[in-house]
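Enquirer: this is the structure alone, sequence omitted:
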């Protein structure tokens, strides 16, 4: 069976900068694939390519066996590929419920059904007490969680999580790990960008490490932790 | 009937019986103008307030609606043509909106705002110069269909109510949620499965349709149009923005409240001050923008929300 998501020799250039070069990897249905790399390695650019925010300069991106490179984000979303944003983007003047309803409308035209789906996603991410609050009044931790609730409400098969743990306190980190595991257990495949090594090592089945837009290592968490190139990318060559 | 519905039905009932209370033509004239601006304010609000696409040139759609009806009459259709010209005017305005929207709505930010402004000026010049079609600057004169004002009153009342109901229905549907999402964050809306170009276009179409119908009504009621009146940037395009901002953009009742106050104040100023009344109106607007940036209805809603919170309403902290 073909993988759920496949990148084949994908490159993206911003002016003189090769943000992503000749990237090839795949995400198997049902796994949690961690994506790590130092700042500026091209992780979010990869998400933007997959989600259709901009097209790759070359290469192919396949989701469920179909080409999605060059398709607009709204089409990619309706195919079952949702994402969250690292820099959170709440629909500020709408309530939490309305934010999630907007997402739920990707799968239904009926407001009543969208409201029901949205309530479910809000319950799933445990933010019921914030349901009627305007999104702009949420603290960062809840904004990150709203990103997840919204992505979930679009009923994705593959979920791209972009640093949903950044800036959270330890208790929130634990809660978010729990929620990500719950999402995964409900049958959603996950590709996750995360800097918190403890988090990424504990939840990922496989990890992909990139630097300067190139894949430098791929493997299970223990393999990645031992990989000299990964250590070098993070700590410098003296430690490798 | 819910409390909210009752609240909406009350002013409508009062307006239905207004002509029973007074047949004073001056008062009816004021009421008709106010209701016309209720339609215009609501149209602009749908696109500018709810969808966040600011148009500086809605006169384009108003003028196209008026001229559609006018050209029908000029081409020899009898007076009833002036009335079925209303929906036709709306459709023509929507067609023009489709064209400009299709081109400009792929872009973001001020491109659309400025393109519509340019469009309305282009259309004004076309109307001035294409004399065979529009009579040019002489304008189009029409013999009014009704002698009294009551019929006009009821027609514009029906228009205002229809616009109110349709926009209310739209805003409660998927369409409305999508409009708001687009206003708040287009990239985010895209990633949540919203074809932003398509939904912005739908919003422009609806908005232009109602504006065009209002333009057709204007010709029927006033009996005369020329390019300088119906394609006027300051008297139509800018006033539509001010009426909406005054009452409260992105609120259900804002445009209606704004329209009534706008007609009342500009009329009072015109009577009392006679000259330069627009300056006073400008000062009033500056005051509103400084003290009630969300408009009058917006300010009332904010105050209510604050009171709810201080009474231990829904936990937001």
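Expert: Arrived safely. These numbers come from a predicted model, not from an experiment.
Enquirer: which bits of chain A sit near chain B?
Expert: A:51, A:53, A:72-75, A:77-78, A:82-83, A:85, A:89, A:91-94, A:98, A:101-103, A:105-106, A:109-111, A:114, A:129-130, A:132-134, A:137, A:150, A:154 (C-beta under 8 Å from any C-beta of the partner chain). C-betas here are computed from N, CA, C, even on glycine.
Enquirer: 6 Å instead?
Expert: A:73-74, A:77-78, A:83, A:89, A:91-92, A:94, A:101-103, A:105-106, A:109, A:129, A:132-133, A:137, A:154 (C-beta under 6 Å from any C-beta of the partner chain).
Enquirer: give me the buried entries from these.
Expert: Buried by 16 or more other C-beta atoms under 10 Å in any protein chain shown: A:73-74, A:77-78, A:83, A:89, A:91, A:94, A:101-103, A:105-106, A:133, A:154, out of these.
Enquirer: these: which two are farthest apart?
Expert: Within these, A:78 and A:133 form the most distant pair, 28.3 Å apart (C-beta to C-beta).
Enquirer: if we can go back for a sec, so of the residues of chain A next to chain B, which ones are in strands?
Expert: residue A:83 (DSSP state E).
Enquirer: can you show me the helices along chain A?
Expert: Taking DSSP state H, the helices of chain A run over residues A:43-51, A:73-78, A:96-104, A:111-124, A:140-153, A:170-185, A:197-203, A:221-226, A:228-235.
Enquirer: I should have written the stretch 1-150 of chain B there, sorry.
Expert: All helices of the stretch 1-150 of chain B, identified by DSSP state H, counting those that start in this stretch, fall at B:3-21, B:25-44, B:59-74, B:79-104, B:110-129, B:131-134, B:150-172.
Enquirer: contacting residues for the closest residue to chain A within the stretch 101-250 of chain B?
Expert: Nearest residue of the stretch 101-250 of chain B to chain A: residue B:193, at 3.4 Å (C-beta to the nearest C-beta). Counting by C-beta atoms under 6 Å, 6 or more residues apart in numbering or on different chains, residue B:193 touches A:74, A:77-78, A:106, A:154.
Enquirer: if we go to 8 Å?
Expert: For residue B:193, the contact set (C-beta atoms under 8 Å, 6 or more residues apart in numbering or on different chains) comprises A:74, A:77-78, A:103, A:105-106, A:154.
Enquirer: same question for residue B:60.
Expert: Residues near residue B:60 by C-beta under 8 Å, 6+ apart: B:93, B:96, B:100, B:116, B:119-120, B:123, B:231, B:237.
Enquirer: can you do 10 Å?
Expert: By C-beta atoms under 10 Å, 6 or more residues apart in numbering or on different chains, the contact set of residue B:60 is B:93, B:96-97, B:100, B:116-124, B:208, B:211-212, B:215, B:230-231, B:233, B:236-237.
Enquirer: do residue A:76 as well
Expert: Residue A:76 touches A:50-53, A:61, A:63, A:68-69, A:82-83, A:158, B:190-191, B:193, counting by C-beta under 10 Å, 6+ apart.
Enquirer: check it and give its pLDDT.
Expert: Among the per-residue scores, residue A:76 shows a pLDDT of 97.
Enquirer: how about it, nearest residue that isn't a chain neighbour?
Expert: residue A:52 (4.4 Å; C-beta to C-beta, 6 or more residues apart in numbering or on different chains).
Enquirer: report pLDDT for residue 218.
Expert: Since no chain was named, I'll use chain A. 95.
Enquirer: wrong one, I was asking about chain B
Expert: So, for residue B:218, pLDDT stands at 95.
Enquirer: please determine how far the nearest residue to it once chain neighbours are set aside is located from residue B:215.
Expert: Leaving out its chain neighbours, the residue that sits closest to residue B:218 by C-beta to C-beta, 6+ apart is residue B:66, at 5.6 Å. Distance from residue B:66 to residue B:215, counting by C-beta to C-beta, to the nearest Å: 4 Å.
Enquirer: quick check: closest non-adjacent residue to whichever residue of chain A sits closest to chain B.
Expert: For chain A, the residue closest to chain B is residue A:106, as judged by C-beta to the nearest C-beta, at 3.4 Å. Spatial nearest neighbour of residue A:106, excluding adjacent residues (C-beta to C-beta, 6+ apart): residue B:193 at 3.4 Å.
Enquirer: can you list phi and psi of that neighbour for me?
Expert: As for residue B:193, its main-chain torsions (degrees, to the nearest 10) stand at phi 90, psi 20.
Enquirer: could you list the low-pLDDT ranges of the chain?
Expert: Picked chain A for this. A:1, A:238-240 (pLDDT under 70).
Enquirer: look at chain B instead
Expert: B:1, B:77-82, B:311-317.
Enquirer: so how far is the helix or strand where residue B:299 lies off the chain centroid?
Expert: Counting by DSSP states H and E, the element that carries residue B:299 is helix B:295-310. Centroid separation for helix B:295-310 versus its chain: 25 Å, with C-alpha atoms, centre = their mean, to the nearest Å.
Enquirer: next one: stretch B:12-22
Expert: 23 Å.
Enquirer: could I get the phi/psi values of the residue nearest to residue A:76?
Expert: Torsion angles, degrees, to the nearest 10, at residue A:52: phi 90, psi 10.
Enquirer: distance of it relative to residue A:147?
Expert: From residue A:52 to residue A:147 the distance is 18 Å (C-beta to C-beta).
Enquirer: nearest spatial neighbour of residue B:245, chain-adjacent residues omitted?
Expert: Closest to residue B:245 by C-beta to C-beta, 6+ apart is residue B:295, at 5.7 Å.
Enquirer: distance of the one you found relative to residue B:52?
Expert: If you measure residue B:295 against residue B:52 using C-beta to C-beta, the figure is 15 Å.
Enquirer: do the same with residue B:178
Expert: 12 Å.
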